[in-house]
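>>> After the sequence you'll find the predicted model.
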Amino acid sequence: MNFLSETCGGVENLGFSGQDVWNVIRDIRRRVFDSGDAECGLGLLRDLQKQSDGNFFYRVDVDEENRVRGLVWVDPRSVNAYKNFGDVVTFKSTYHTNRYDMPFIPITGVNHHFQNILFGFALVRDEKESSYIWVLKNRLEAVANKPPTTIINDQDITLSNAIVEVMPTTNLTYCTWHISSKFPEKLSSLYSQYSEFKAEFNACIYKSLSPTEFEGRWGDLKEKYDLENHTWLNDMCVIRRQWIFAYTK
């Protein structure tokens, strides 16, 4: 819409609205699913469940027009892996990586060899809190309603709210790598202005072995570099218990 409005000299000259574009996308998605792809996929899941003597788990959610709105599936091997290594789970949606533009959610963990392992999958129409709640509840059913000790996500507030509602006893943590990847952008002025800031900041974040040590180092940094009004850093400090190693270890 932005590109076309610039080309035509303003959005008023386009002859259609952003809602019109979304309506076209909706119709394309509907035609794709009406072509039989959804039924074919569900047929495959039914066959896998039959072949596994009912141990292959899947649930499907459809809307009022009988179109797929959500899908969760967990194979027996993933159930067994979760029994052994399901104390920490990563839960993250990937978007625009499939022909339907539906968020795909691989639920993963790490085994005793530090290898990635799969605990299940989900496909949803949107990233609303209600969609995540549906996925989490059905995923719990697949693993005998045993929630993980900890779930890691990438500061997705909608997902975080769903996790708190469905699994209130599970520790919610944020991916440190995801947060630290923003350091060069958010802290660029401090990096350029103070040559020693980066080393001292990294020591505070990564080398503090206890909450007390972190709080002391953080207080020194705020005073030394006048960080009281640094909005992003203050926001990150508010959620420090979800991503700082001294709290999450």
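Perfect, thanks for sending it.
>>> Might you list the low-confidence residue ranges for this protein?
Scanning the chain for pLDDT under 70 picks out 28-37, 95-100.
>>> ranges for the strands of the chain?
Using DSSP state E, the strands of the chain run over residues 57-62, 68-74, 88-91, 104-110, 116-124, 150-153, 171-174.
>>> Nearest approach to Q49 belongs to which of the ones you listed?
When the strands of the chain are compared by Cβ to Cβ, strand 57-62 sits nearest Q49, at 6.6 Å. The C-beta positions use only the backbone N, C-alpha and C, and glycine is treated the same way.
>>> Just the CA trace of the closest one, in CSV.
Extracted C-alpha coordinates of strand 57-62, given in CSV (Å, rounded to 0.1, in the frame of the first residue of the first chain):
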residue,chain,number,x,y,z
PHE,A,57,-1.5,-37.4,18.9
TYR,A,58,-3.2,-34.6,17.0
ARG,A,59,-6.0,-32.1,17.4
VAL,A,60,-7.6,-29.8,14.9
ASP,A,61,-9.6,-26.7,15.3
VAL,A,62,-12.0,-25.4,12.6
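>>> That strand vs strand 68-74, what angle?
Relative orientation of strand 57-62 versus strand 68-74 (axes from the mean of the first three to the mean of the last three Cα atoms, to 10 degrees): 170 degrees.
>>> what residues does strand 57-62 touch?
Contacts of strand 57-62 with the rest of the structure, by Cβ atoms under 8 Å, 6 or more residues apart in numbering, involve 42, 45, 48-49, 68-75, 79, 134, 138, 141-142.
>>> Listing partners with orientation, what would you give for that strand?
Strand 57-62 has the following strand partners under DSSP bridges: strand 68-74 (antiparallel).
>>> tell me which residues of the strand it pairs with are tucked away?
V68, R69, G70, L71, V72, W73, V74 (16 or more other Cβ atoms under 10 Å).
>>> what's the distance between R26 and T94?
From R26 across to T94, the span is 21 Å (Cβ to Cβ, to the nearest Å).
>>> which other residues reach stretch 214-226?
190, 194, 197, 200-201, 203-204, 208, 227-228, 237, 240, 244, 246-247.
>>> can you pull the contacts of the residue positioned nearest the centre of the chain?
Per Cα atoms, centre = their mean, the C-alpha nearest to the average position across the chain is that of K92, at 2.8 Å. Neighbour list for K92: I105, P106, N153, D154, D156 [criterion: Cβ under 8 Å, 6+ apart].
>>> farthest-separated two in those residues?
Farthest pair in these (Cβ to Cβ) is P106 and D156. Separation: 14.4 Å.
>>> from the contacts of K92, which would you call buried?
I105, N153, D154, D156.
>>> Go through those and say which is closest to N171.
N153 (11.7 Å).
>>> Relative to D27, how far out is that closest one?
Distance from N153 to D27, by Cβ to Cβ: 32 Å.
>>> Ok, A144 next?
Look at A144 and D27: by Cβ to Cβ, they are 41 Å apart.
>>> How about stretch 79-92, which residues are buried there?
So for stretch 79-92, counting by 16+ other Cβ under 10 Å, buried means V79, A81, Y82, F85, G86, V89, T90, F91, K92.
>>> Kindly report the same for stretch 157-171.
In stretch 157-171, counting by 16+ other Cβ under 10 Å, buried: T158, L159, S160, A162, I163, V166, M167, T170, N171.
>>> Walk me through the domains of this protein.
Listed by automatic domain parsing, the domain ranges of the chain are 2-174, 178-248.
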